[in-house]
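> okay, structure incoming, though there's no sequence with it:
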Ligand SMILES: Nc1ncnc2c1ncn2[C@@H]1O[C@H](COP(=O)(O)OP(=O)(O)O)[C@@H](O)[C@H]1O
Ligand SMILES: Nc1ccn([C@H]2C[C@H](O)[C@@H](COP(=O)(O)OP(=O)(O)O)O2)c(=O)n1
């Protein structure tokens, strides 16, 4: 992917015009762009891009997404530079105050359920719902529903999930906010979110919600791999190649969130490598005082 990145960032030596589309995280829309220079303080966050057919997607440092359609590249003999308009960041978003006021009225009680892929988050959340009256919101399920709904962002989300990459916070937070607002319950288990520091900081900033506590399912990769390969739900990301990528993302990005909440004394760690019933006994103990 390094070549594409180099293309995007290269200086003004060889001039071409490119057809670009930018998903603006602040206005929540795709915009067509031509001949606009990349500002030095906005850059693709990694060398990795998502490729689908002729289209390359880059996540930019301001949480916008750049869509680069190779098939629509326009050549020109002279003058060219790539330029991507700055749209501001998630936290600067004009939607921030709007969402905050809506959710701050509701003041829901939130427990984050975190753990590696296949650690048993979904399985235990179903038990918690039954015993403790919470509503279960799985970030992954909400994203998969968004793909199925045929939404404009569906392809981008699908590509990111297939690659095991974390979808930009703006997308996931909007889906979580909507689900919380549409439900009458005031107690929510948020499963699989926040998955990186950016998810965490943006959620706190946008919604003003601080979790009651964080349930952390601790499980070995060996056990999680075995479970995911046997999950059999037809998920595009439950194949060995993507599973390994998801493990890497968990170690590189998600553990930091658990460490952050641990430093705040909010983490309740569960040995998730045991059989389902035993894990639930430990989960019950974690919920008992917060009942
Ligand atoms: N404690 C457990 N022991 C063995 N298998 C489990 C256990 N918990 C969950 N599973 C199975 O492992 C797979 C992954 O569990 P799931 O709850 O979907 O994990 P996550 O939501 O963390 O990805 C599922 O097929 C589930 O039935
Ligand atoms: N906060 C989140 C949660 C999930 N996702 C995406 C990326 C993840 O690999 C997939 C699947 O997540 P999900 O929580 O459903 O499943 P696993 O815990 O990986 O088994 O969804 C995300 O981008 N951001």
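Cool, the structure landed. The model shown is predicted, which means the values in this text are computed figures rather than measured ones. Ligands and ions are numbered 1, 2, ... in the order given.
> return the residues of the chain in contact with ligand 1.
Residues of the chain lying close to ligand 1 by C-beta under 6 Å from any ligand atom are 115, 117-123, 227, 230-231, 275-276, 279. In short, each C-beta sits where N, CA and C put it, glycine included.
> and the closest residue to ligand 2 within the stretch 151-291 of the chain, what pLDDT?
Residue of the stretch 151-291 of the chain nearest ligand 2, by C-beta to the nearest ligand atom: residue 192 (2.9 Å). Confidence at residue 192, expressed as pLDDT, is 98.
> excluding its backbone neighbours, what's nearest it?
The spatial neighbour of residue 192 that comes closest, neighbours along the chain excluded (C-beta to C-beta, 6 or more residues apart in numbering), is residue 139 at 4.3 Å.
> how much space between that neighbour and ligand 2?
With distances taken as C-beta to the nearest ligand atom, to the nearest Å, residue 139 is found 4 Å from ligand 2.
> tell me where the protein has strands.
Along the chain, counting by DSSP state E, strands occupy 19-24, 29-34, 50-52, 55-59, 65-69, 109-115, 135-138, 187-191, 213-218, 267-271.
> on that earlier part again, pull the number of nearby residues for the residue nearest to residue 192.
The tally of other residues near residue 139 (other C-beta atoms under 10 Å) stands at 24.
> please renumber the chain so that the first residue is 37 from this point on.
Renumbered: residue one is now 37, and that last one reads residue 175.
> what count of nearby residues applies to residue 319?
23.
> for residue 94, same thing?
22.
> residues contacting the closest residue to residue 305 other than its chain neighbours?
Excluding its sequence neighbours, the residue lying closest to residue 305 (C-beta to C-beta, 6+ apart) is residue 252, at 4.8 Å. Contacts for residue 252 (C-beta atoms under 8 Å, 6 or more residues apart in numbering) come out as 150-151, 294, 303-306.
> relative to residue 286, how far out is residue 252?
12 Å (C-beta to C-beta, to the nearest Å).
> likewise for residue 150?
Distance from residue 150 to residue 286, by C-beta to C-beta: 9 Å.
> quick one: the helices in the stretch 137-286 of the chain, in order.
Counting by DSSP state H, counting those that start in this stretch, one finds helices in the stretch 137-286 of the chain at the ranges 157-168, 175-184, 190-198, 205-218, 233-243, 257-265, 276-285.
> what's next to the first one, contact-wise?
What that stands for is helix 157-168. Taking C-beta under 8 Å, 6+ apart as the rule, helix 157-168 contacts 149-151, 170-172, 174, 223, 225, 227-228, 251, 253, 306, 308, 312, 315-316, 319-320, 323, 327.
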